[in-house]
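Chemist: need a structure here:
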Amino acid sequence: MQSDNSLRWTLDHGPWTGFQRRAGMLAILAVVLDGFDIQLLGVVLPALIKEWNLPREAFVPVIGLGIVAMSVGTAINGWLGDRFGRKLTLLASMIVFGLGTLMTVMATGMPLFIVARLIASVGLGGAMPSAVALLSEFTPVRRRSFMVTLGMICTPVGGVLAGLVSAWLLPVYGWQSLFLVGGLLPLVLAGIMLVALPESPQFLASRPGRRAELERFAARLGVAPSPGDLGATAQAGEAKAGYGALFAGGEWKVTLLLWSHFLFVLTTAYTVFNWLPTLSTATGFTVAQGGMFLAAFNFGGIAGALIGALCIDRSGSRRLTISFGLGAAAASLVAFGTFGVGTPVAVLAGTIFFAGLFIAGLQPMLFAIAAAAYPVQLRGTGVGTALAVGRLGAIASSYIGAVLIGAGAGAFFVFLGAMMMAVAAALWLMPRHVPGRQGSK
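Modeler: Residues are numbered from 1 along each chain as shown. Presented below is the predicted three-dimensional model:
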């Protein structure tokens, strides 16, 4: 049997075994169900407005408080993942959002509906940091950033599935059927993961009391941990855990820059998600054309994320993400100069597609940077807090967008361009990026 150094080398540079791939796929499935559940409210909202005879404004608190609850869940569960394990916190998150979603089925009015969605939102926010950490720690270095980026693409995939399932169930079985499916699926997957998903080996190595689990994991890869190395890793884990470690030593610069990345990108993306159709109709386009512009932005985001997933491990993240930030600024300024009813709709849709490619396509790559920037013992806390800060931008976009709509299309797109220029600058200043295969940044 080999040493603990061999275990680490095997995890980082050895074969990508079927055992590791299956573990990664379970984490990705959790992200898909997370995206499915997040999109349910938007899908059933028209049915709820009609059945409960309420105005759209009555659901604003559900949406706003839900994002706040998701942010709280993200920050808390990232820390819990570093303290108690990625698997445990991912299972807990899925159980919480599964049970919260099932509670929604029993709602006959707003009070229980709000409570149920808040509970579900805490779990929804908590699933992402643990899933990102597991994807990173089960995947060899040469495919690590690809898998993390690919996993993040699965959030909109879950949203697409929610739309498809709703088209099948909603007309026949009502809105409750969607929440029933959305609540049962994560509970079923949690049961499967309880048996089939191992704990992160890097986390186990930081906990001497769980040595037996680490040895069983290592045996699946044909290596064995060394007691001396295990002890050293455990001491490092104890030294690094906690929110204070995000600002200890040189971590403060990494932390603040990551927060700015997530804040600027999510503010920009959610401003488009929430307000582009409204801007379109205010500018003179039809409702259908506004929906087409938003679809173009989303399809661009998926294309950009796929490009990033394929390129980031080979070329590294520095030049790639800075180029995306500058590309987003350029596309926004092109839209500033052309967005109006006098421009052919196809030209505008193409411009917005490229804006989505660079803006929404950049977002998944931020998770890969965050996972690579922090040491193992701080990874869940670091990713979780960065995403929580980013979601503050999602909340702020609700108010920013309303102001920009009043100022006109020019102000809207200038704001997007300025935000993405700020992102490019922050990415240039970032001291830690995903290295390329040849060691380039």
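Chemist: from memory Leu416 sits against Ser332, does it?
Modeler: Yes. The criterion here is C-beta atoms under 8 Å, and Leu416 meets it with Ser332 at 4.1 Å. Every residue, glycine included, has its C-beta placed from N, CA and C.
Chemist: any residues in contact with both of those two?
Modeler: Common neighbours of Leu416 and Ser332 are listed as Ala355 (criterion: C-beta atoms under 8 Å, 6 or more residues apart in numbering).
Chemist: Quick one: distance of stretch 122-129 to the chain centre.
Modeler: 9 Å (C-alpha atoms, centre = their mean, to the nearest Å).
Chemist: just stretch 410-421 next, same as before
Modeler: 23 Å.
Chemist: Buried ones in that stretch, by neighbour count?
Modeler: Phe412, Phe413, Val414, Phe415, Leu416, Gly417, Met419, Met420, Met421 (16 or more other C-beta atoms under 10 Å).
Chemist: per-residue confidence averaged over it?
Modeler: For stretch 410-421, mean pLDDT rounds to 93.
Chemist: cool, stretch 167-176 as well?
Modeler: 86.
Chemist: same check, this time on stretch 313-324
Modeler: 88.
Chemist: Mind exporting the C-alpha coordinates of that stretch to PDB?
Modeler: Extracted as PDB, the C-alpha positions of stretch 313-324 are listed here (Å, rounded to 0.1, in the frame of the first residue of the first chain):
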ATOM      1  CA  ASP A 313      -8.900  23.700 -17.500                       C
ATOM      2  CA  ARG A 314      -6.800  24.000 -20.600                       C
ATOM      3  CA  SER A 315      -6.100  27.800 -20.700                       C
ATOM      4  CA  GLY A 316      -6.700  28.800 -17.100                       C
ATOM      5  CA  SER A 317      -9.200  31.300 -15.800                       C
ATOM      6  CA  ARG A 318      -7.400  34.600 -15.800                       C
ATOM      7  CA  ARG A 319      -7.400  35.600 -19.500                       C
ATOM      8  CA  LEU A 320     -10.600  33.700 -20.200                       C
ATOM      9  CA  THR A 321     -12.700  35.400 -17.600                       C
ATOM     10  CA  ILE A 322     -11.200  38.900 -18.200                       C
ATOM     11  CA  SER A 323     -12.000  38.400 -21.900                       C
ATOM     12  CA  PHE A 324     -15.600  37.500 -20.900                       C
END
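Chemist: coming back round to it: let's see which of the buried residues of stretch 410-421 end up in helices.
Modeler: Phe412, Phe413, Val414, Phe415, Leu416, Gly417, Met419, Met420, Met421 (DSSP state H).
Chemist: The stretch 101-250 of the chain: helices as residue ranges?
Modeler: Using DSSP state H, counting those that start in this stretch, the helices of the stretch 101-250 of the chain run over residues 110-138, 141-173, 175-196, 201-205, 211-221, 227-240.
Chemist: can you pull the buried residues of stretch 32-51?
Modeler: Here stretch 32-51 shows 32-41, 43-44, 47-48 as buried, counting by 16+ other C-beta under 10 Å.
Chemist: actually stretch 305-314, not the one I typed
Modeler: Ala305, Leu306, Ile307, Gly308, Ala309, Cys311, Ile312, Asp313.
Chemist: re the thing from before, closest one of the ones in helices among the buried residues of stretch 410-421 to Ala346?
Modeler: Phe413 (18.2 Å; C-beta to C-beta).
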